[in-house]
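Colleague: heads up, no residue letters with this:
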């Protein structure tokens with residue numbers, strides 16, 4: 001089977017190829033260059049949402065308003081307190 005590359009860099013997969021692979025409009029393909037003359041197209045497989053389980057650490061317990069206020073106060077106190085005086089040289 002042959003196909004032609006358009007001036008926009010597009011090509012049409014022949015109908016027989018699409019039917020054999022069960023490709024539908026909107027399906028995504030992964031393009032891999034195997035060597036100077038070979039391009040490999042593979043259907044992109046979507047992972048089920050359950051494959052993402054465990055990817056992120058478990059959520060931390062929510063802080064109370066008082067804990068947030070205390071944390072901000074401590075941060076601002078350390079950030080905006082005057083620097084300690086440097087000892088003078090004699």
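Modeller: Perfect, thanks for sending it. Note that the structure is a prediction, hence the values are computed from the model and not measured. Numbers count the residues shown, from 1 in each chain.
Colleague: Pull up the gap between residue 29 and residue 23, please.
Modeller: As judged by Cβ to Cβ, to the nearest Å, residue 29 and residue 23 stand 8 Å apart. Backbone N, C-alpha and C define where each C-beta goes, glycine included.
Colleague: tally of neighbours for residue 50?
Modeller: Residues lying near residue 50 (other Cβ atoms under 10 Å) number 7.
Colleague: Help me confirm that it is found in a helix?
Modeller: Yes. According to DSSP: H, G, I helix; E, B strand; the rest coil, residue 50 belongs to a helix.
Colleague: so what pLDDT did it get?
Modeller: With respect to pLDDT, residue 50 has a value of 84.
Colleague: One more: residue 89?
Modeller: Confidence for residue 89, expressed as pLDDT, is 73.
Colleague: so it sits in a helix?
Modeller: No. Residue 89 is assigned coil when assessed by three-state DSSP, not a helix.
Colleague: And for it, the neighbour number?
Modeller: Neighbours of residue 89 using other Cβ under 10 Å come to 4.
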